[in-house]
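A.B. asks: fold the following for me, if possible:
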Amino acid sequence: MEKTPAKVPDSSSKKDTPNSVVNEKEKKKQAFLVRAFWTLVMIAGMFFIIGAGHIWTILLVVLLQILVFKECITITTEKARIENLPFTASLNWYFLITSIYFLDGESLIYHSINKLQTEDYERVFEFFKFFIVNHRFISYCLYVLGFVFFVASLTKGYYKFQFAQLCITTMTLLLVVVQAHCIVNNILNGLIWFLLPVGLVIVNDIFAYLCGITFGRTQLIEISPKKTVEGFVGAWICTGAFSMILSYVFSKYTYLICPVEDNLSANWFTGMTCDPNPIFIPQIFKLPEVLVDLAARVDYQVDFVSFKPIYFHSMVLATFASLIAPFGGFFASGLKRAFKVKDFGDTIPGHGGITDRMDCQFLMGSFSYLYYETFISNNKVNIGTILQSIVINLSEDQIVILVQSLHKYLYKIGVINEDTYKQLVNLI
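C.D. replies: All right, here's what the predicted structure looks like:
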């Protein structure tokens, strides 16, 4: 019986295998270098814009939310482009602009109305007075106009798709624009409330990767197979430690901790001055009895400690950045898998689209804003809010009566003398 000769391994395949391994390593190395380079470029660019001032930082956030909205809508409207459905894209952009006008427009009015009423901006105020006074009603009219336009654009045979598209657009506006509005408010409350949350998310992302490749064994979540429990927990610990460092450094600069009153044009070189929030000032706290007893056992007598409360608040933010914010990234991963795309785009070399970098930041930004307003803010009413309320709600005659009443009050408490008071009475 004739034996079948054994197959001789192809010598060419042996030669190609090492080369392919080398090529694969070179590709990974090149991809890592590109990613690292653009990471440094983005960080440097962010600090440059923050130094340029609050208004430029706000414009950066507005630009990013527009690009994220574009990427999210693009992957969900493929059918509309194929079927050439009219006005689908136009309506998406219309609702985006309307939402930004309503949300961010109100914040900018709130923080600039005091300056707009000075002599330098008198004509500007008179020109925009109608839009300032009727901002919410105008925003509602714009929304109703878009709603009517949507109903008029319904096409037979595509009703289900068009209503589904409207739901997707609405959810995207909720997840992107509304949360970006919270980030804008963080900037206005003080740049530290923008910079600290952003920094914590970046730190957490870095250490999740480093701890994952070093200790990672157990898969964390199915939707993102490369994420591990060890990386998740390790990143939480490291982010908590870094939160103390970041808050210590940032809290040293008044430019970062001062909220915007009517100085939107301020920048790093002009600086800012304010009475700092008490959380940035060292305070004395009494230790719990349990800790006092433990210290006594090692012959260390301590009843009180002194530290800045910002350290505690930064630990809370670090915990959210580590345990909750990553689920924004998991949500984005699920969305990409649902529409069978690898990345949301290729805007940033080595990183993918803007959404691939911002997926956790929106959730972090909204939490930071609500946490600040609930537990930290000590300035619920200021000159801006009072002026806004007066301009919007009082007639000109009522404003005159209010001014006269204030003059009378200042005279009674001795801030102005009798001669000055009489002159003010004669002027009005």
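
A.B. asks: tell me, how many residues neighbour residue 341?
C.D. replies: Neighbourhood size, residue 341 [other C-beta atoms under 10 Å]: 16. From N, CA and C alone the C-beta is placed, and that goes for glycine too.

A.B. asks: confirm that residue 74 sits in a strand.
C.D. replies: No. Counting by DSSP: H, G, I helix; E, B strand; the rest coil, residue 74 falls outside a strand, being helix.

A.B. asks: now the residue lying closest to it once chain neighbours are set aside: how far from residue 67?
C.D. replies: In space, residue 74 comes closest to residue 345 once its chain neighbours are excluded; the distance is 7.7 Å by C-beta to C-beta, 6 or more residues apart in numbering. Using C-beta to C-beta, to the nearest Å, one obtains 8 Å as the distance from residue 345 to residue 67.

A.B. asks: same question, residue 282
C.D. replies: Residue 282 is 41 Å from residue 67, by C-beta to C-beta.

A.B. asks: of the two, which one has the most company?
C.D. replies: Taking neighbours as other C-beta under 10 Å, residue 282 and residue 67 compare with residue 67 leading, 18 against 11.

A.B. asks: ok so, going back, now for residue 345 and residue 67: what residues contact both?
C.D. replies: Here residue 345 and residue 67 have 353, 354 as joint contacts, going by C-beta atoms under 8 Å, 6 or more residues apart in numbering.

A.B. asks: and residue 260, backbone torsions?
C.D. replies: In terms of degrees, to the nearest 10, the main-chain angles of residue 260 are phi -80, psi 130.

A.B. asks: go on, residue 221?
C.D. replies: Dihedral angles phi and psi of residue 221 (degrees, to the nearest 10) take the values phi -150, psi 140.

A.B. asks: mind listing what it touches?
C.D. replies: By C-beta under 8 Å, 6+ apart, the neighbours of residue 221 are 227, 330.

A.B. asks: give me the pLDDT value at it.
C.D. replies: pLDDT recorded at residue 221 is 89.

A.B. asks: residue 261 too?
C.D. replies: The predicted local confidence for residue 261 is 77.

A.B. asks: now residue 241: which helix or strand?
C.D. replies: Assigned by DSSP states H and E, residue 241 belongs to helix 229-250.

A.B. asks: give the buried residues for that helix.
C.D. replies: 230-236, 238-240, 242-244, 246-247, 250 (16 or more other C-beta atoms under 10 Å).

A.B. asks: may I ask which two of those residues are separated the most?
C.D. replies: 230 and 250 (29.6 Å; C-beta to C-beta).

A.B. asks: okay, now residue 107: neighbour count?
C.D. replies: Counted with other C-beta under 10 Å, the neighbours of residue 107 add up to 16.

A.B. asks: so residue 305, which state does it fall into?
C.D. replies: Secondary structure for residue 305, judged by three-state DSSP, is strand.

A.B. asks: any idea how far residue 165 is from the nearest residue to it once chain neighbours are set aside?
C.D. replies: The shortest distance from residue 305 to any non-neighbouring residue, by C-beta to C-beta, 6+ apart, is to residue 285 (5.6 Å). For residue 285, the distance to residue 165 (C-beta to C-beta) stands at 54 Å.
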